[in-house]
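give the three-dimensional model of this entry:
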Amino acid sequence: MNNSQIKAAALQARKGGQRIACLTAYDYPTARLLDEAGVDLLLVGDSLGMVVLGYPDTTHVTMAHMLHHVAAVARGNQKALIVGDLPIHSYGSPAQALENAQKLVAAGADAVKLEGGVRQADKVKSIVDAGIPVFGHMGMLPQRVLQEGGYKKKGKSEEEFEAILDGCRALEAAGVFAIVLESVVADTAQRLTGALTVPTIGIGCGEKTCDGEVAVITDLVGAYPWFVPPFAKPQANVSADVSAAVRWYIEQA
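Predicted structure coming up:
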């Protein structure tokens, strides 16, 4: 196994054991700070479309954006597993998925992430078979926000639970090392975690219902005050500190 596969396997082996801490990162200084603090996984998420580039959702993010930010994060990282998101329209076929996964790896990613389950299993398998670890993503899928008419909680019924479980099992069979569960109701997330053999990483799924957690770094440190998700737990107020520093600078100029 190569180093990226070793790191992914080590995280996969923590299923049901030591919890996995994941954060998004989009640039060199943030990646370096998070890696030095000991975070397990750095996700260069297409959430950068909103919190870095100012778009209304993730559907505007391109491969060029992702390659630029993955490279910056890689320059700041030493130990954490770096996962780069495959943006919308970049994995329409197994061949396209593999080609773009290889581009993200060449830019510095250890692994890639894509959204969806049963329909994506053949793409996941093509990437994994080429030696690149894949991180799955089920539940609410941000790249489908326009199709679904907004961000909606998932897993509210038994039928939804079964559909998500089917997708997760298809991803497991294709070889993912872990699966993000996004905005899944807590009871369903806990049931899915118990039913799966790979770690689940929750965001907006309640308290400790999954094997780990991922948060958007700007939510954690309070750097994006214009929208804070209801499930976010800010531990700092960077935006207020920046504003105060700039006001001081203006007065001293």
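
residues touching stretch 140-148, excluding its own?
46-47, 57-59, 87-88, 115-116, 151-154, 182-184, 204 (Cβ atoms under 8 Å, 6 or more residues apart in numbering). Bear in mind the C-beta positions are built from the backbone N, C-alpha and C, glycine included.

tell me where the chain has helices.
3-12, 28-37, 48-51, 63-76, 94-107, 121-129, 145-148, 158-174, 186-195, 217-221, 238-252 (DSSP state H).

any idea how far the last one is from the middle of the chain?
Think helix 238-252. How far helix 238-252 lies from its chain's middle: 31 Å, per Cα atoms, centre = their mean, to the nearest Å.

next: the first one.
Per Cα atoms, centre = their mean, the displacement of helix 3-12 from the mean C-alpha position of its chain is 16 Å.

now do the fourth one
Using Cα atoms, centre = their mean, the mean C-alpha position of helix 63-76 is found 14 Å from that of the whole chain.

report how many residues lie close to residue 144.
Neighbour count for residue 144, taken as other Cβ atoms under 10 Å: 16.

pLDDT score for residue 150?
We have a pLDDT of 78 for residue 150.

and residue 239, what does it touch?
Residues in contact with residue 239 (Cβ under 8 Å, 6+ apart) are 222, 223, 224, 225.

now for the helices of the chain, which one comes closest to residue 230?
Each of the helices of the chain has some distance to residue 230 by Cβ to Cβ; the shortest is helix 217-221, at 10.6 Å.

using CSV, write out every CA atom in the closest one.
Extracted in CSV, the C-alpha atoms of helix 217-221 (Å, rounded to 0.1, in the frame of the first residue of the first chain):
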residue,chain,number,x,y,z
ILE,A,217,-13.7,25.4,9.7
THR,A,218,-15.3,28.8,9.3
ASP,A,219,-18.3,27.6,11.4
LEU,A,220,-16.0,26.3,14.1
VAL,A,221,-14.0,29.5,14.5
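
which neighbouring elements make contact with that helix?
Helix 217-221 is packed against strand 20-24, with contacts defined by 3 or more Cβ pairs under 8 Å, 6 or more residues apart in numbering; DSSP states H and E.

show me what the strand it packs on pairs with in its sheet, parallel or antiparallel.
Note on strand 20-24: by DSSP bridges, its sheet partners are strand 41-44 (parallel), strand 212-215 (parallel).

what's the weakest-modelled helix or strand in the chain?
Within the chain, no helix or strand scores below helix 145-148, which has a mean of 83 by mean pLDDT, DSSP states H and E.

so for it, what gets flagged as buried?
For helix 145-148, a neighbour-count test (16 or more other Cβ atoms under 10 Å) marks residue 145 as buried.

what do you get for stretch 76-94?
Using 16+ other Cβ under 10 Å, the residues of stretch 76-94 that count as buried are 76-77, 80-88, 90-91, 94.

and which of those is nearest to residue 16?
When the buried residues of stretch 76-94 are compared for distance to residue 16 (Cβ to Cβ), residue 81 wins out at 18.7 Å.

name the spans of the stretch 101-250 of the chain whose pLDDT lies under the cut-off.
Across the stretch 101-250 of the chain, no stretch falls below the confidence threshold (pLDDT under 70).

these two touch, right, residue 109 and residue 85?
No: the criterion here is Cβ atoms under 8 Å, and residue 109 misses it with residue 85 at 9.3 Å.

anything in contact with each of those two?
residue 44.

which residues does the residue lying closest to residue 105 once chain neighbours are set aside contact?
Among residues not flanking residue 105 along the chain, residue 132 sits closest, at 5.8 Å (Cβ to Cβ, 6 or more residues apart in numbering). Residue 132 makes contact with 4, 101, 102, 105, 111, 112 under the criterion Cβ under 8 Å, 6+ apart.

right, I'll call it a day here.
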